[in-house]
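1. let's see this in three dimensions:
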Amino acid sequence: MQYGVALVAEMSLDPGAACPRSGPLYACILGSGGGLAIRGGYRSPGPWYFGGAYQFTKMDSSNLYRLGIFQQLRAEMRYLPDIGYRAAPYFSAGIGGVAYGNEWGVETGGALIFGGVGVELEVSRRAVLGVSCVYRPVLLAGWRDTANYERATAIAQFVGFELLLEVRTEVGRR
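-> Numbering: from 1, shown residues only. Reported below is the predicted structural model:
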């Protein structure tokens with residue numbers, strides 16, 4: 001088993017149709033932000049990791065939300081080729097669902113996929129530090145925001161960065 005926490009940054013590349021470039025909706029409700037991720041999963045004796053993660057990020061909502069929270073629940077996998085060093089690169093991919101709203105409320109939701117790269121550093125036999133970078137396109141359903149504007153269904157694009165600390169434990173055998 002491998003589980004841990006991460007500090008995350010979500011950089012908005014393009015908010016899609018949720019933020020038109022002109023008109024009354026010019027203030028973008030879906031900007032960049034930072035937050036935390038909690039994850040856990042199974043690390044096989046080979047190069048594979050399969051797990052899940054919950055992430056929440058406080059997004060810049062151009063003051064349209066008091067506290068715009070972007071939540072993600074993901075299934076993820078990593079491929080870690082054995083290169084014989086304490087620092088090991090990996091490739092990651094996954095799918096999941098998202099929810100976005102004001103002060104932990106849910107005003108819209110959708111789905112995401114992602115792919116990325118990272119590096120794990122084995123600090124000890126059980127502790128791992130790492131960094132990763134992922135590309136995340138997110139499909140968000142249209143919604144009416146708290147300023148009473150109708151937001152269109154959008155494909156928003158993000159680049160996420162993570163600084164992670166994870167712990168490994170062995171699964172007992174009988």
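2. next structured bit after the worst-scoring helix or strand of the chain on mean pLDDT?
-> Using mean pLDDT, DSSP states H and E, the weakest-scoring helix or strand in the chain turns out to be strand 150-151, at a mean of 90. Per DSSP states H and E, the first helix or strand lying C-terminal to strand 150-151 is strand 154-168.
3. show the contacting residues for the residue lying closest to V134 once chain neighbours are set aside.
-> Taking Cβ to Cβ, 6 or more residues apart in numbering, and ignoring the residues beside it in sequence, V134 has G116 as its nearest neighbour in space, at 3.0 Å. Any C-beta I mention is one placed from the backbone N, CA and C, and that applies to glycine too. Contact analysis of G116 by Cβ atoms under 8 Å, 6 or more residues apart in numbering lists 91-93, 132-135, 160.
4. out of these, which end up buried?
-> Among these, those classed as buried by neighbour count (16 or more other Cβ atoms under 10 Å) are 92, 132, 134, 160.
5. shouldn't the third one be in contact with G160?
-> Yes - taking Cβ atoms under 8 Å as the definition, V134 is a contact partner of G160 at 4.6 Å.
6. what is in contact with the two at once?
-> 114, 116.
7. who's in contact with A53?
-> Contact analysis of A53 by Cβ under 8 Å, 6+ apart lists 37-40, 72-74, 76, 96.
8. tell me, how many residues neighbour M1?
-> Using other Cβ atoms under 10 Å, M1 has 12 other residues around it.
9. separation between it and E166?
-> Separation of M1 from E166 (Cβ to Cβ, to the nearest Å) stands at 10 Å.
10. quickly list what G4 is bridged to.
-> Counting by DSSP bridges, G4 is bridged to R39, E166.
11. need the max-distance pair from the contacts of G116.
-> Maximum pairwise distance in the contacts of G116, criterion Cβ to Cβ, is 14.8 Å, between F91 and G160.
12. drop anything exposed from the contacts of A53.
-> Buried members of the contacts of A53, counted by 16+ other Cβ under 10 Å: 37, 39, 72, 74, 76, 96.
13. which of the residues you listed lies closest to A152?
-> For these, the nearest to A152 is Q72 (21.0 Å; Cβ to Cβ).
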